[in-house]
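# Starting from these lines, generate the structure:
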Amino acid sequence: MSIPEYISQQVLKLREAIEQHNYRYSVLDAPSIPDSEYDKLFLELQKLEQCYPQLVTLDSPTQRVGAAPLKEFSQITHRSPMLSLSNAFETAEVGAFGRRIGEKLGIDKVEYEVEPKFDGLAVSLLYKNGSFVKGSTRGDGHIGEDVTLNLRTVKSIPLHIQTSTNKDRIPASLEIRGEVLMLKEDFEKLNRQQRKKNEKEFMNPRNAAAGSLRQLDPSVTATRRLTFFAYGIGEHEDEEIPRDTHSNILKYIFSRGFPIAKERDVVHGSAALLSYYQKVKELREHLPYDIDGVVYIVNSLAQQKKLGFTSRAPRFALAHKFPAQEVVTELLGIDVQVGRTGVLTPVARLEPVFVGGATVAHATLHNEDEVNRKDVSIGDSVIVRRAGDVIPEVVGIAEKCHPRNTNRFTMPEKCPACGAKVERIPNESAVRCTGGQFCAAQRKKAIQHFVSRRGMDIEGLGEKLVDQLVDKGIIKTPADIYTLSEEELISLPHMGKKSASNLLETLKKRKNPTLARFIYALGIRNVGDTTAKELARVFGDFNKLKEANVETLQVIPDVGHVVAQSITDFFSEKHNIKVINKFFSKPVDIELKEEVDIRKIQDGSNTSKISGKTFVLTGALLNLSREDAKEKIENLGGKVTSSVSKKTNYVVAGTAAGSKYDKAVELGVVILDEAELLQLLQN
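Residues are numbered from 1 along each chain as shown. Model prediction:
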């Protein structure tokens, strides 16, 4: 069917009008028509495209509603790395940054472009001949997720680059970099909708934005109101892009139809940086979006080039983060949680309050001594502190005097999970349940610890599934997970046949752990993964460890009396021995991999180029996880530490390596890439 020319023209005019209104609303924040009029235009375009589907194009505003669900995200390699920023938290760190810049450039008062630091998700947008063709997340800085279809649903992202005059040329290629986030107002609306549907609410706007952008179904993303702000450019082919200052690049970006932060500025010298920080800090609560600090960027592009980059971050920029936030709320009650080793922890139940980027309803009180020291009573107004992903804590009471009707907290005499007697260990602040594995709470925590990544690394057996299996009496000990059947698993809510099959396959693959992993997974009190590796290397045999006494154990470096006593206590417990025997008998049949005996390495009977060498790992490795690399190095007698010093023999640098790489260069430490490490491990 041929399409009348006037229809084609009408469709083009509607698209242009809608995109212009999107621009005025999202970029200029100056809508020229009410929402109802915008909706009429949009509906008219939809109807025409339904009547003439041949006119539908990917860049039509109607296509922002999302396409068919994706099976999985493909990966996109960034043409130039999307580096992160170095952080500062103290005034002195900003002063040091300013001095380094000034000394390097030989300038007293350096010019900086300054802007708020968005608390969102970094993305890259690629435009070819003016049209948006591909978009990705930052990922590890080198490789990101292809979320093109989801980004098309974000109305503040132009589908076409704008031109302000006829003289403006459309760039052949332009990469815009920026942040996807959710405005505070839109976040509240989303959570109201979630409550109405009786679905889980989002913790904070950043989590909501990240979760929305990573939806496999773009039509879901389209229902979430996301916003985009640009902060820079990547690779490009455009002679009109400014080549003098970063602030002029931002002006260019804005002229091409992309929203940028209104609160940006250009200042001179370190004192002005701190003034800007204070100004934005005071504005923070009144901004329409969440920020977690401010960014300082040397404005001159020539000076940026002179200052250069580390492998992880530009030397010419700094993120000055805000301190932990504190708010006042009411302490409604104090609950007691039981941990893996039976420790009872008081947890504050709070009147929900937004702090540090999240709504907080619970906060730790650590132990009974801390409750008394902070003089906290149920019914008090308390100060709650949270920074980033740190667990919220109650700092203290907000008023000197307790109001009427407050209640003092006392630790229960019986375990709230199993009713067993609780006892306080001499010279410790911890109170413990004496129920052991009889206690369901301890059983759950013990099993969760056993399957954790540093333990047996059993993916698919998460906290909720463990809770269900224990509550239904299907499993009672960590050994029982290896006897699970498909029928038992698919009888549980939300567990399909495929998920059950995948879990059972994983369990089969995890029957041959190293001795170190197995020791750690058992959850012996005071035995972390480092101590577990020491025990594995020295004893080399599980039965020898099981029979060791306190005196023998204390010969091992870093194993003192307390740790040694914890180990012997664990193996003297009849229940523990019963579970251990279950691991090594049918149908479980755990078989431990052979460990390298460190004593043989030390006396020269087992030689290795790695033995006795100290390594530091930094950045992301492509073929090995950080834990795997550490395990392989330590199995050959090497040592992995967290900081670089003159005693460090090797620094292994992956992608987005950080300040440790710079320190290694400064000290002249040998730097290996992943391939060189693997070669060293094989020799």
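# In the chain, what helix or strand scores lowest on average pLDDT?
The helix or strand of the chain with the lowest confidence, counting by mean pLDDT, DSSP states H and E, is helix 598-602 at a mean of 41.
# quick one, longest helix in the protein?
helix 5-26 (DSSP state H).
# Run through the stretch 151-300 of the chain and note the low-pLDDT ranges.
Within the stretch 151-300 of the chain, the set of residues satisfying pLDDT under 70 comprises 164-168, 203.
# quick one: the helices in it?
Ranges of helices in the stretch 151-300 of the chain, per DSSP state H, counting those that start in this stretch, are 184-196, 205-213, 218-223, 246-255, 270-283.
# just those helices: most buried one?
helix 205-213 (a mean of 22; mean count of other CB atoms under 10 Å). C-beta: built from backbone N, CA, C; applies to glycine.
# Look through the chain and tell me its longest strand.
strand 325-338 (DSSP state E).
# quick one: residue 660 from residue 156, how far?
As defined by CB to CB, to the nearest Å, residue 660 lies at a distance of 38 Å from residue 156.
# scratch that, residue 515 is what I was asking about
Counting by CB to CB, the separation of residue 515 from residue 156 is 55 Å.
# Could you pull out the strands in the stretch 1-150 of the chain for me?
75-77, 87-88, 111-118, 121-128, 131-137, 143-145 (DSSP state E, counting those that start in this stretch).
# mind putting those in a markdown table, distance to residue 60 and mean pLDDT included?
Output for these, formatted as a markdown table (distance: least, CB to CB, whole Å; pLDDT from 0 to 100):
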| stretch | distance to residue 60 | mean pLDDT |
| --- | --- | --- |
| strand 75-77 | 24 | 84 |
| strand 87-88 | 42 | 85 |
| strand 111-118 | 29 | 96 |
| strand 121-128 | 17 | 94 |
| strand 131-137 | 12 | 92 |
| strand 143-145 | 24 | 84 |
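# so which of those strands comes closest to residue 253?
Closest approach to residue 253 among the strands of the stretch 1-150 of the chain is made by strand 121-128 (10.8 Å; CB to CB).
# so what strands line up beside the closest one?
strand 131-137 (antiparallel), strand 173-181 (antiparallel) (DSSP bridges).
# starting at the chain centroid, how far to that strand?
When distances are taken as CA atoms, centre = their mean, to the nearest Å, strand 121-128 is centred 21 Å away from the chain's centroid.
# circling back: pLDDT of the longest helix of the chain, averaged?
Mean pLDDT, helix 5-26: 81.
# May I see the buried residues of that helix?
Using 16 or more other CB atoms under 10 Å as the test for burial, helix 5-26 gives 11, 14-15, 17-19, 21-23, 25-26.
# mind listing what's buried in stretch 671-683?
Residues of stretch 671-683 classed as buried: 671-674, 677, 680-681 (neighbour count, 16+ other CB under 10 Å).
# Quick check: chain neighbours aside, which residue is closest to residue 425?
residue 432 (6.5 Å; CB to CB, 6 or more residues apart in numbering).
# and the one you found, that one's in a strand?
Yes. Counting by DSSP: H, G, I helix; E, B strand; the rest coil, residue 432 is located in a strand.
# What separation do you get for it and residue 593?
Taking CB to CB, one finds residue 432 at 33 Å from residue 593.
# Could you do residue 267 as well?
According to CB to CB, residue 267 and residue 593 sit 59 Å apart.
# Between these two, which has more neighbouring residues?
Under the criterion of other CB atoms under 10 Å, the comparison of residue 267 against residue 593 puts residue 267 first, with 19 against 13.
# Thought residue 279 was touching the more buried one, still the case?
No. Taking CB atoms under 8 Å as the definition, residue 267 is not a contact partner of residue 279, at 10.2 Å.
# what sits against residue 486?
By CB atoms under 8 Å, 6 or more residues apart in numbering, the contact set of residue 486 is 497, 500-501, 504.
# most surrounded residue in the residues you listed?
In terms of neighbours by other CB under 10 Å, these top out with residue 500 at 20 neighbours.
# Are we agreed that that residue is in a strand?
No. Counting by three-state DSSP, residue 500 falls outside a strand, being helix.
# out of the helices of the stretch 151-300 of the chain, which comes closest to residue 364?
helix 205-213 (20.5 Å).
# Where does pLDDT dip in the stretch 351-500 of the chain?
356-357, 387-390, 400, 437.
# in it, which spans are helices?
368-373, 440-451, 463-471, 486-490, 497-509.
# Output these in TSV, with distance to residue 122 appended to each entry.
Output for the helices of the stretch 351-500 of the chain, formatted as TSV (distance: least, CB to CB, whole Å):
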stretch	distance to residue 122
helix 368-373	38
helix 440-451	32
helix 463-471	30
helix 486-490	38
helix 497-509	32
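# gap between the closest residue to residue 674 other than its chain neighbours and residue 627?
Once flanking residues are discounted, residue 674 sits nearest to residue 621: 4.9 Å by CB to CB, 6+ apart. Distance of residue 621 to residue 627, given as CB to CB: 11 Å.
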